[in-house]
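Trainee: For reference, the sequence and a predicted model appear below.
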Amino acid sequence: MLNQNNQCAIYTDGGVTTFQAGASGREVRKKCRDILKEASDIHLTTENSEEFFQYGPDPGDPDFRSQLASFLTQIYKNKVHSSNLMVTTGATNGLHLISTLMFDNNSPVFVEDPTHSRTLEILEKDFGRTIIPVPRDEEGIDVEILDSLLTKFHPLADEIKPKSKFWAMVYLVPTFHNPTGTSTSPERCRQLVKVARKHKVLLFCDDVYNLLGFEDKSPAWRLFSYDEKTAENYDGNVLSNGSFSKIFSPGLRLGWIEASDYVLNLILTSGLLKGSGGLNQYTSGIMTTVLRNGHLRPHLKFIRAMLKRRIRLLTDILRKHLPPEFVFHEPKGGYYVWLQLPESLDSETILPCAEHRHTVNYRPGSSFSYAKNFKNFLRISVSFCEEESIPSCALRLCRHLEEYWKSKTEGS
């Protein structure tokens, strides 16, 4: 059995069907194996392929960045320039680079409430940053409250040893948000860019779910595109942090940052990256072949269709078998359903019973909140478990929640 402190343990431990894991399942990984085998064979038999065993350019292989830019331009229906891309070893690496190379240890980080739980852990425990939570609704982070908090905390800028022209970072998951599954509205995006320019802060967008919309006809989008270079007051206030973990395979440890010339120059001239030989040179070479041969687009279509089926299987069961006091919104993309329970229920307190009695789990809502709000919420992920297990697993979860709800109402 895996160590209980290992995150992977929650994926397979004790016969529990996991609705916790935000990772790809076996079905996706098998397809990745076949695609990568073919791409590796092609890549290793091309002329001068041994060069990918050498150090590479600091921002990453130019051919890979060109292929990636072309792919993203097609998906976003909005021009992505290879010169604005640099290679990372995944979204967490992107967060690490920006947080440490661009901001002083005393720089505050403004985050949505709720937000990605692992980011909270990294920012607070690993980097020792002051975290300032900002409420979020169905349209995204509350811009008025963010504006007010930025004004309130701006005097801290005088106490910060500047590493860049931005005194603070705002961490966002704008599209198919983790954990709520909702997306920031276009109007809210415009407001965010306006506020970021006003206060001279960087909007760090964790864009790992952007390409997982369920409707093929609707182009994916990113907040980055709202920070238009043609604007008179353009200052490069938005950064897009991308990854292949959700759209292909997390085991690649491959991602990218899309940012302004100023931000990329600051990172690439740091002691950490300058003359480093680039990040993930060999793997990016394999993915260059995957992109060039057109294999990622159909794979992404497969993942979208699979996630859409799984979400529908789950929400149909929840809608049919839970009392009306349990509320959720139908996601339009991504991995997650954010379920609101009656206020008297604490999802973390009742989780052990779900695991031991009903052999099903989930992520408690409070784990996504720096202020430990959302105790009566829980997040359900459909990405990892076997698809055929979702209906029975969802039924067991409904049974578990209803039992606790009845015990509360009958006891009161």
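Mentor: In hand now; what should we look at?

Trainee: Which of the three states applies to the residue nearest the centre of the chain?
Mentor: Taking CA atoms, centre = their mean, the centroid of the chain lies closest to V208, which sits 4.2 Å from it. Secondary structure assignment for V208 (DSSP: H, G, I helix; E, B strand; the rest coil): coil.

Trainee: For A91, grab the count of nearby residues.
Mentor: Using other CB atoms under 10 Å, A91 has 24 other residues around it. (C-beta placed from N, C-alpha, C; glycine too.)

Trainee: what's the nearest residue to C32 once chain neighbours are set aside in contact with, if anything?
Mentor: By the measure of CB to CB, 6 or more residues apart in numbering, the closest residue to C32 outside its immediate chain neighbours is S249, 4.3 Å from it. S249 makes contact with 24, 28-29, 32, 36 under the criterion CB atoms under 8 Å, 6 or more residues apart in numbering.

Trainee: before we move on, what about I145?
Mentor: Contacts of I145 (CB under 8 Å, 6+ apart): 134-135.

Trainee: Which of the helices or strands spans it?
Mentor: Element membership for I145 (DSSP states H and E) is helix 143-153.

Trainee: what comes up buried for that helix?
Mentor: 143, 146-147, 149-150, 153 (16 or more other CB atoms under 10 Å).

Trainee: now swap in stretch 383-400 and tell me
Mentor: In stretch 383-400, counting by 16+ other CB under 10 Å, buried: 383-385, 390, 393-398, 400.

Trainee: Which parts of the stretch 201-350 of the chain are helices?
Mentor: 261-268, 281-292, 296-321 (DSSP state H, counting those that start in this stretch).

Trainee: could you dump those helices to a markdown table with mean neighbour count, mean pLDDT and distance to N48?
Mentor: Shown next, in a markdown table, are the helices of the stretch 201-350 of the chain (neighbours: other CB atoms under 10 Å; pLDDT from 0 to 100; distance: least, CB to CB, whole Å):
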| stretch | mean neighbour count | mean pLDDT | distance to N48 |
| --- | --- | --- | --- |
| helix 261-268 | 18 | 96 | 25 |
| helix 281-292 | 21 | 95 | 11 |
| helix 296-321 | 17 | 97 | 24 |
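
Trainee: Next SSE downstream of the helix holding I145?
Mentor: Going down the chain from helix 143-153, the next helix or strand is strand 169-172, by DSSP H and E.

Trainee: any weak-confidence spans in the stretch 151-300 of the chain?
Mentor: 218 (pLDDT under 70).

Trainee: I figured T100 was touching F127, is that so?
Mentor: Yes. Under the criterion of CB atoms under 8 Å, T100 lies in contact with F127, with a separation of 6.9 Å.

Trainee: residue boundaries of the helices in the stretch 1-150 of the chain?
Mentor: For the stretch 1-150 of the chain, applying DSSP H, counting those that start in this stretch gives helices covering 9-12, 26-44, 62-76, 91-101, 117-121, 143-153.

Trainee: Out of those, which gets nearest to F377?
Mentor: Set against F377 and scored by CB to CB, the helices of the stretch 1-150 of the chain come closest in helix 117-121, at 12.5 Å.

Trainee: Could you pull out the buried residues of the closest one?
Mentor: 117-120.

Trainee: cool, and stretch 78-95?
Mentor: So for stretch 78-95, counting by 16+ other CB under 10 Å, buried means 80, 82, 84-95.

Trainee: now stretch 115-134
Mentor: Buried residues in stretch 115-134, counted by 16+ other CB under 10 Å: 115-120, 122-123, 127, 129, 131-134.

Trainee: JSON lines for the buried residues of helix 117-121, including distance to I267 and pLDDT?
Mentor: Output for the buried residues of helix 117-121, formatted as JSON lines (distance: CB to CB, whole Å; pLDDT from 0 to 100):
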{"residue": "S117", "distance to I267": "26", "pLDDT": "96"}
{"residue": "R118", "distance to I267": "22", "pLDDT": "96"}
{"residue": "T119", "distance to I267": "19", "pLDDT": "97"}
{"residue": "L120", "distance to I267": "23", "pLDDT": "97"}
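
Trainee: returning to what we had before: I'd like the distance from the residue nearest to the centre of the chain to I35, if you could.
Mentor: Using CB to CB, to the nearest Å, one obtains 19 Å as the distance from V208 to I35.

Trainee: Check K165 too.
Mentor: For K165, the distance to I35 - CB to CB - is 41 Å.

Trainee: Who has more neighbours out of those two?
Mentor: With neighbours defined as other CB under 10 Å, K165 and I35 compare such that I35 has more, 21 against 14.

Trainee: And that one, what's its pLDDT?
Mentor: Per-residue pLDDT puts I35 at 95.

Trainee: ok now do it, which residues does it touch?
Mentor: 290, 295, 299.

Trainee: Return the member of these nearest to Y226.
Mentor: Among the contacts of I35, and counting by CB to CB, the member closest to Y226 is H299, at 28.3 Å.

Trainee: surely that closest one meets F248?
Mentor: Yes. At 6.6 Å, H299 counts as touching F248 under the criterion of CB under 8 Å.

Trainee: Now the common contact residues for these two.
Mentor: Joint contacts of H299 and F248 (CB under 8 Å, 6+ apart) are C32.

Trainee: where does the stretch 301-412 of the chain dip in pLDDT?
Mentor: Using pLDDT under 70, the stretch 301-412 of the chain drops low at 411-412.

Trainee: go again using 90 as the cut-off
Mentor: 406-412 (pLDDT under 90).

Trainee: before we move on, what about the stretch 1-150 of the chain?
Mentor: Short version for the stretch 1-150 of the chain, where the test is pLDDT under 90: 1-18, 26, 43-54.

Trainee: can we see that at 70?
Mentor: Using pLDDT under 70, the flagged stretches of the stretch 1-150 of the chain are 1-15.

Trainee: what about H299, distance to E124?
Mentor: Separation of H299 from E124 (CB to CB) stands at 36 Å.
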